[in-house]
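Asks: Let's see this in three dimensions:
(chains A, B and C, ligands or ions: 4)
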Amino acid sequence: MGDKKINKPRRIIIREEYCMGCRLCEVWCIVAHSKSKDIIKAYKGQEPRPVSGIYFEERGAISFTLQCRHCEDAPCLEACLTGAMYRDKKTGMVLHNKDKCVGCWMCIMACPYGVIKPDFKEKKVASKCDLCIEREFPACVEHCPNEAIILVNKKGERIDKE
Amino acid sequence: MRKRLIPDIDYRVPSACGVTGIMNQKGELFSGEAIYASICNMLERGNGLGSGFVAYGIYPELKDYWCFHIMYENEKAKENTEDYLKRNFGIKHSEPIPTKKVKSLKFIPLLWRYFLGIEKNVESAEDYIIKVVMDINKEIEGAFVFSSGKNMGIFKGVGNPDEIGEFFRVPEYKGYIWVSHNRFPTNSVGWWGGAHPFGILDWSVVHNGEISSYGVNKRYLENFGYFCTLSTDTEVITYLFDLLVRRHKIAFETVGNILSAPFWSQIERIENKEERELLKTLRMVYGPALVNGPFSVIVANSSCMVGLNDRIKLRPLVAATKGDFLYISSEEAAIKIVSPQLDKVWMPRAGEPTIGKLM
Amino acid sequence: MAIPKKLREFDVVRDDEKCIRCEVCCRMCANDVHSYDAETDKVSADSAKCVGCHFCEDVCPTEALVIKRNKSQIKRNANWKNDALGNIIKQANTGGVVLIGMGNDRPIRDYFGHIVLNASQVTNPSIDPLREPMELKTFIGSKPDRIELVEKKSKIKNTTEIPPQLELETPVLFTAMSFGSISLNACKSLAKAACDFGTYWNTGEGGLHKDLYPYAHRCIVQVASGRFGVDREYLKKGAAIEIKIGQGAKPGIGGHLPGEKVSAEISSTRMIPEGTDALSPAPHHDIYSIEDLRQLIFALKEATDYKKPVGVKIAAVHNVAPIASGIVRAGADFVVIDGIRGGTGAAPQIIRDNVGIPIELAVAAVDQRLREEGIRHRASLIAAGGIKSSGDVVKAVALGADAVYIGTAALVALGCHLCQRCYTGKCNWGIATQDPYLTKRLNPEIGAKRAYNLLRGWSLEIKEMLGGMGINAIESLRGNKEQLRGVGLHEKELELLGIKHAGEAW
Ligand code: SF4
Ligand code: SF4
Ligand code: SF4
Ligand code: SF4
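Replies: Ligands and ions are numbered 1, 2, ... in the order given. Predicted coordinates:
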């Protein structure tokens, strides 16, 4: 599927007026971050099911999803004591290295969007959107049936999957 | 058993053919030998199922009379028709069309010509003649008017052009426009009336092609009182010319833009706004007169000879001049055999009429 | 007594092996069919509520769902079928008229399906539309029967006045569907697609919402019996005006948009108070005869300075040919004939299924009649109601139409699965609904692209068919019945259609 590590900056744009509240983005986020990358195995198999990197908000007819904004001036980066939270040089993304994480959850406290999820059992950061750095196209964007979330490049131009 | 002259089933006969025409633009008469030689140089474009000639300027002494060439299946049809003619015209002169025996020709109908004067008070002589011709061809069984102009005549039948030309003694006539046709119909219904040229009034048309817009053109013509009885493409083209040139008074140059209309993409590229708008309007109003499908035709009347191709030139057409002579033909060879030294030879572009006019 | 509630139409079949309990189906079905029970960790379905729109099937990420027609059957009976039974049960429950959406679903003969096209072989070369120009440009409007040309300084000029025309890049337009019967997002999708492709869309009788102003230059504004949203501004904004007399799905019947659906947006667009029922009377109460129609036509022309074509839409009924002729003589620039298979947002089922005639016969009859009267050029003819493919477009044009209107086909491009429940306002595809939770499902960017693709795909196919016939401009197909042959049709039907039977040569 030509999945390769990407090396250019990109961003997800949220268009709340088109979010129909299906939450398929969450489903596919989980699949994309699972070991097998297979939807049935990810949900029903023996492997541990990852937590989605997406926050879903809904009230009445209004709904939208939120992933890490990969802020230019990222408070979580400042807050992290161990350097587990770091910025990828090539893409400018804010990523998390579980091995270095000590579970202080300072990043969670600092994130103004509240999009970092804690893992109570392991006392670590459970998940945070990594913009599917391993994939050519983020899973949530690819599977959103209504193009409520779209991908743009550095200049803000839309990137479509071929 | 005798072949029927007028088929009672309406077959449309797709055909591929050879066409050729010669005009002296000063109106000087020349003998039919030239056209005979020209068409006989393209024998392989026909299959013996029809050919014919038309000549303008051949009846100078009777040039003010409508000349009907009529073919009859039997004496009865002749009697009925002559009754009809007597009732509607003054008959100045009538005679059998002179022919020569050609052994290979079979099923020859009775062939007569009549020189007629209109004695009634009619609004338009031309419309009256059209009506009369349509009446006879539709109503009188076994009779078929195949030429109905003044000072011109059509000679045609089932056979190769060399046979038909010899039969009608074509080389003995003298005219200023000569057009001829050699036919290759794709099915076997070959009848004398179905050969080309087709004519009405002083219009004559020879045509090589198959019109895919036939249904549209035919129904469009019905709006204006033309009924296509022969189910041939040539008939449709003839009526379209009559409608546009004679009744709507549109010049040949413009008629070319209707029958073989330029493409929208070509029209859009024209810089002059008025010209662009005119072409657009022509296509909008005369869309049903667009002739679609492959064709090359030569159309003539007493003052012009015009060659025209379909809009993407799917059939061949060559033109040439030598002095006052204009040649239009399916093949250059058919011109060269008559006039080996030409002033100018060219391939008319798709949809661009080649026009010869009496000067 | 044991009361039969309803015949169950569908079975929601879920493959539990595949179901991952994501609850997408539970969230998405507006009919509340699916539900998740945490105790048993099972997703189950109340199939009786399912209308068969296939939305859940479409969004289920594991393809665990299949919606099937319910197999439960009554004793075999040639006369009594589930449909009839179901409607009687409904009526015994409610005592009302049975409502329905979309077009006739009964097996009324589909003449398009019994007509085949011609192609060139040997004597006439077919044309390859990929290499040669192939023209679909179509003009809708009245044409003079001839033009007068004068030559001035060796320049030829036309002196005949040409009435206003709509210029289409393909002989397909989007039919009248009002904002109200469909969502604003659906309107936007079609409007944008029409503008992008170079054809027209139609407001229906719902007025012109201000968000649609950018697409007004390619919009036909409708004037129907309710006169919703009609004012001078509205008439001036549109490219053409269509007086709606009737509609194929419900000839002789008016319209009714229930007050619940008349939201603030709809109220301002239709110019009626919020929450009131929008009632379109069955007839126009100022048109009780053809002279009245003539007055309205000219009133509208006057109001728009004779700059816009004014057309009239009628349902195809028995007397359609003389009626159409009267309409042309009354001054209409185009006539729309809507056949018995035409769609609707809501109609009494008994009317939809039983009133009217098929469009194929109606078009052939009208075209023939107008030709016989020598007035065919005076108005364009648009065929509507049951055009399912580009093949149908070609056949309709060859039968005599200048262009066709599509409605159902356009909605199918936007997702519609013909569940026929448009009147409930719970369209899961976000089309026939005003519920904001549902309408946002139809992203007009995607909708416009899909509707555009449909126009493009059909146009390419039309070009292929034309090329095969050796024709390179659509005007050479219009009324060209020689290119059509009937298969399995009765002599009378062939006569009415004006075509020969397959096997007959020219
Ligand atoms: S997949 Fe798209 S539409 Fe569905 S919840 Fe996520 S963002 Fe919204
Ligand atoms: S959407 Fe499909 S997988 Fe998800 S709960 Fe429904 S049936 Fe199961
Ligand atoms: S109504 Fe539509 S969405 Fe709901 S269960 Fe039936 S098919 Fe699925
Ligand atoms: S528009 Fe919606 S409600 Fe109507 S038939 Fe289509 S899917 Fe069903």
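
Asks: quick one: average pLDDT of the helix or strand hosting B:Val216?
Replies: For B:Val216, the element it lies in under DSSP states H and E is helix B:214-223. Helix B:214-223 carries an average pLDDT of 91.

Asks: Which strands and helices lie in contact with it?
Replies: If you count contacts as 3 or more Cβ pairs under 8 Å, 6 or more residues apart in numbering or on different chains; DSSP states H and E, helix B:214-223 packs onto helix B:233-241, helix C:359-372. Placement of C-beta: from N, CA and C, glycine included.

Asks: Mean neighbour count, these: which tops it?
Replies: helix B:233-241 (a mean of 26; mean count of other Cβ atoms under 10 Å in any protein chain shown).

Asks: Now do the same for the residue in the stretch 301-450 of chain C positioned nearest to chain B: its pLDDT.
Replies: For the stretch 301-450 of chain C and chain B, the shortest gap (Cβ to the nearest Cβ) falls at C:Gly374, measuring 5.4 Å. As summarised for this prediction, C:Gly374 has a pLDDT of 90.

Asks: Hmm, B:Asn223 and it touching each other?
Replies: Yes: using Cβ atoms under 8 Å, C:Gly374 is in contact with B:Asn223, at 5.4 Å.

Asks: shared neighbours, these two?
Replies: Residues touching both C:Gly374 and B:Asn223 (Cβ atoms under 8 Å, 6 or more residues apart in numbering or on different chains): C:Asp145.

Asks: These two: who's more crowded?
Replies: B:Asn223 (18 against 13; other Cβ atoms under 10 Å in any protein chain shown).

Asks: distance of the more buried one from A:Cys71?
Replies: Taking Cβ to Cβ, to the nearest Å as the measure, B:Asn223 falls 73 Å from A:Cys71.

Asks: Next one: the residue most central in space within chain B relative to A:Arg135, how far apart?
Replies: Residue closest to the average C-alpha location in chain B (Cα atoms, centre = their mean): B:Val205, at 2.0 Å. Distance, B:Val205 to A:Arg135, using Cβ to Cβ: 70 Å.

Asks: Same question for C:Val24.
Replies: On the measure of Cβ to Cβ, C:Val24 and A:Arg135 end up 21 Å apart.

Asks: neighbour count winner among the two?
Replies: C:Val24 (24 against 19).

Asks: got the contact list for the more buried one?
Replies: Listed by Cβ under 8 Å, 6+ apart, the contact partners of C:Val24 are A:Cys22, A:Arg23, A:Leu24, A:Val27, C:Cys56, C:Val59, C:Cys60, C:Pro61.

Asks: Apart from its chain neighbours, what residue comes closest to the first one?
Replies: In space, and not counting its chain neighbours, A:Cys22 is closest to C:Val24: 5.2 Å by Cβ to Cβ, 6 or more residues apart in numbering or on different chains.

Asks: Kindly report the same for the last one.
Replies: With Cβ to Cβ, 6+ apart as the measure, A:Val27 is the residue that lies nearest to C:Pro61, at 5.2 Å, once sequence neighbours are left out.

Asks: what's next to the strand or helix carrying that neighbour, contact-wise?
Replies: Here A:Val27, judged by DSSP H and E, is contained in helix A:24-32. For helix A:24-32, the external contacting residues (Cβ under 8 Å, 6+ apart) are A:37-39, A:42-43, A:49-54, A:56, A:65, A:129, A:132, A:135, A:138-145, A:149, C:20, C:22, C:24, C:59, C:61.

Asks: Which positions within that helix qualify as buried?
Replies: By neighbour count on 16 or more other Cβ atoms under 10 Å in any protein chain shown, the buried set for helix A:24-32 is A:Leu24, A:Cys25, A:Glu26, A:Val27, A:Trp28, A:Cys29, A:Ile30, A:Val31, A:Ala32.

Asks: again with stretch C:272-283
Replies: So for stretch C:272-283, counting by 16+ other Cβ under 10 Å, buried means C:Ile272, C:Ala278, C:Ser280.

Asks: Check the residue of the stretch 251-359 of chain B found nearest chain A and give its pLDDT.
Replies: Proximity to chain A, evaluated over the stretch 251-359 of chain B using Cβ to the nearest Cβ, is greatest for B:Ser265 at 30.2 Å. Per-residue confidence (pLDDT) for B:Ser265: 94.

Asks: what about the most centrally placed residue in chain A, which SS state?
Replies: Nearest residue to the geometric centre of chain A (Cα atoms, centre = their mean): A:Cys129, 1.9 Å. Three-state assignment for A:Cys129 (DSSP: H, G, I helix; E, B strand; the rest coil): coil.
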